[in-house]
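Novice: What follows is a predicted protein model with its sequence.
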Amino acid sequence: MFGRQVTLFEIFGFRVKVDLSWAFLALLIAWSLAQGLFPSLYQGLTVATYWWMAVVGVVGVLVSLVFHELSHSLVARRFGLEIRGITLFLFGGVAEMQEEPMSAKVEFWMAVAGPLASLFLAGVFYGLAALGQSYGAPPPVWGIASYLGFLNLLLAGFNLIPAFPMDGGRVLRAALWYRWGDLKRATRAASRAGSLFGLALVGLGLFNLLSGNFVGGFWWFLIGLFIRQAAASSLVQLQSRQMLTGEPVRRFMTDDPVAVPHDTTVRAFVEDYLFHHGHDFYPVVAGDRLLGSIETRQIKAVPRALWDETTVGEIARPLDATITIEAGGDAVQALARMQRDGVSRLIVVERGRLVGLLTLKDLMKLLALRLELEQE
Ligand SMILES: [Zn+2]
């Protein structure tokens, strides 16, 4: 979902990052404020003033979004949940949660914290605008405050729409979870609401596009698609996490993977393993002790003339650089490590001995099968 990101600053130990797609949103907001909203509300100012107001307005939007996500994050931390950071992207902000809340109550408080914070900010900005107006401050000053008051009201309202994974959808899920005592069922219901709402937005977008409102229509269309996709993927993510929790890695691994003895020459390895089995990754062993791993990348570094005198053991990645996992370890943790380290396979060990290979592809295939059976 995210492309390139730039870290802006760190606050309360949370790293605030901006996705490059946010720059597009910021430009769009600045442009529509400077060319549309401000000139129509506050007439007779210079073009430069409108643009200054727009720039301050965009900074205010950024502060409002961070304030909203920060509230989610602080409440999450209060309940002992780890939040990696806050990222701003095309459709607003998101607090990156590492794990799911443990109870309906925690979920509820975490979810409402954001909209409550936005409501609070709306009150503050509207208050400032009223004060500025009654004490005769220049229109650009209270004009911006009043715009930010409205924006925060909108942010609170939009986020409270009961469509998972938006805040309102999380509140809905918490309520259903509390009532039914069944997280899976609650998640399915809240996700369905999310994807229906997304579909409604897509429809609204198409209707607007057809009636000539291109910018607004396109925007609704995109947000609708995004919400539908987010609803579906957060459901799958949660279901896979639930299926893997408490399951040992052993259950998902490939037993007896093809391993290369460390004294094999590079030429023998290329001919008998690489060309024969077609895998591009092999554990390297001495007997059944794991020494490291070898990939095509390491072979490329050896000149062909030296293939007969170089052994696989000499060029293998050592054990400490090879990513291993214990056979009895939790499968959820295995998946989390693959995602965090950006690797697609782990070598499974038991007391230093090679026992299997866990690949992301196999894990996903098994999960997909089980998900399919569960849908029935
Ligand atoms: Zn929120």
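Specialist: In hand now; what should we look at? Residues are numbered from 1 along each chain as shown.
Novice: okay, CA-based contacts and neighbour counts for the rest of this
Specialist: OK.
Novice: Could you count how many residues lie near Gly57?
Specialist: By other CA atoms under 10 Å, the residues close to Gly57 number 23.
Novice: any chance you could map the helices in the stretch 101-250 of the chain?
Specialist: Using DSSP state H, counting those that start in this stretch, the helices found in the stretch 101-250 of the chain span residues 104-134, 139-159, 167-180, 183-210, 214-244.
Novice: CSV please, covering these and showing mean neighbour count.
Specialist: As requested, the helices of the stretch 101-250 of the chain are exported to CSV (neighbours: other CA atoms under 10 Å):
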stretch, mean neighbour count
helix 104-134, 20
helix 139-159, 21
helix 167-180, 22
helix 183-210, 20
helix 214-244, 18
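Novice: any chance of these in CSV, with distance to Leu357 and mean pLDDT too?
Specialist: As requested, those are exported to CSV (distance: least, CA to CA, whole Å; pLDDT from 0 to 100):
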stretch, distance to Leu357, mean pLDDT
helix 104-134, 36, 94
helix 139-159, 43, 91
helix 167-180, 37, 93
helix 183-210, 30, 90
helix 214-244, 17, 82
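Novice: Same list (those) but as a markdown table, adding distance to Leu28.
Specialist: Formatted as a markdown table, the helices of the stretch 101-250 of the chain follow (distance: least, CA to CA, whole Å):
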| stretch | distance to Leu28 |
| --- | --- |
| helix 104-134 | 21 |
| helix 139-159 | 15 |
| helix 167-180 | 24 |
| helix 183-210 | 18 |
| helix 214-244 | 10 |
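Novice: closest one to Val266 among the ones you listed?
Specialist: helix 214-244 (38.1 Å; CA to CA).
Novice: so after that closest one, what's the next helix or strand?
Specialist: strand 254-255 (DSSP states H and E).
Novice: Partner strands of that following strand and their direction?
Specialist: strand 353-359 (antiparallel) (DSSP bridges).
Novice: Provide the contact partners of the strand it pairs with at residue level.
Specialist: For strand 353-359, contacts defined as CA atoms under 8 Å, 6 or more residues apart in numbering pick out 249-250, 252-257, 285, 288-290, 327, 344-349.
Novice: Could you rerun that using 6 Å?
Specialist: Contacts of strand 353-359 with the rest of the structure, by CA atoms under 6 Å, 6 or more residues apart in numbering, involve 253-257, 288-290, 344-349.
Novice: Looking at the helices of the stretch 101-250 of the chain, which is nearest to Ala48?
Specialist: Nearest to Ala48, of the helices of the stretch 101-250 of the chain and by CA to CA, is helix 139-159 at 11.6 Å.
Novice: Neighbour-wise, give me the winner out of the contacts of strand 353-359.
Specialist: Most surrounded of those: other CA under 10 Å gives Val348, at 27 neighbours.
Novice: so what strands line up beside the helix or strand hosting it?
Specialist: Element membership of Val348, judged by DSSP H and E, is strand 345-350. With DSSP bridges as the test, strand 345-350 is paired with strand 324-326 (parallel), strand 353-359 (antiparallel).
Novice: show me the contacts for the residue most central in space within the chain.
Specialist: Taking CA atoms, centre = their mean, the centroid of the chain lies closest to Glu96, which sits 6.1 Å from it. When contacts are counted by CA under 6 Å, 6+ apart, Glu96 touches Ile83, Arg84, Gly85.
Novice: Figure out how far the helix or strand encompassing it is from the centre of its chain.
Specialist: Element membership of Glu96, judged by DSSP H and E, is strand 92-97. With CA atoms, centre = their mean, to the nearest Å as the basis, strand 92-97 stands 7 Å off its chain's centre.
Novice: Run the angle between it and helix 139-159 for me.
Specialist: 50 degrees (axes from the mean of the first three to the mean of the last three CA atoms, to 10 degrees).
Novice: Pull strand 92-97 out as PDB, backbone CA atoms only.
Specialist: Output of strand 92-97 as PDB, limited to C-alpha atoms (Å, rounded to 0.1, in the frame of the first residue of the first chain):
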ATOM      1  CA  GLY A  92      -5.000  10.600   5.600                       C
ATOM      2  CA  GLY A  93      -3.100   9.000   8.400                       C
ATOM      3  CA  VAL A  94      -2.600   5.500   9.900                       C
ATOM      4  CA  ALA A  95      -1.100   4.300  13.100                       C
ATOM      5  CA  GLU A  96       0.900   1.100  12.400                       C
ATOM      6  CA  MET A  97      -0.400  -1.400  14.900                       C
END
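Novice: Tell me which residues of it come out buried.
Specialist: Using 16 or more other CA atoms under 10 Å as the test for burial, strand 92-97 gives Gly92, Gly93, Val94, Ala95, Met97.
Novice: hang on, isn't the third one packed against Thr87?
Specialist: Yes: because the distance of 5.4 Å satisfies CA atoms under 6 Å, Val94 is recorded as touching Thr87.
Novice: could you list every residue that touches Val284?
Specialist: Ala259, Val260, Pro261, His262, Leu291, Gly292, Ser293 are the contacts of Val284 under CA under 6 Å, 6+ apart.
Novice: Pick the one among those closest to Gly194.
Specialist: Nearest to Gly194 among the contacts of Val284, with distances taken as CA to CA, is Ser293, at 44.3 Å.
Novice: Beyond the helix or strand where the closest one lies, next helix or strand please.
Specialist: Here Ser293 is covered by strand 289-295, with elements defined by DSSP H and E. Using DSSP H and E, the helix or strand that follows strand 289-295 in sequence is helix 296-300.
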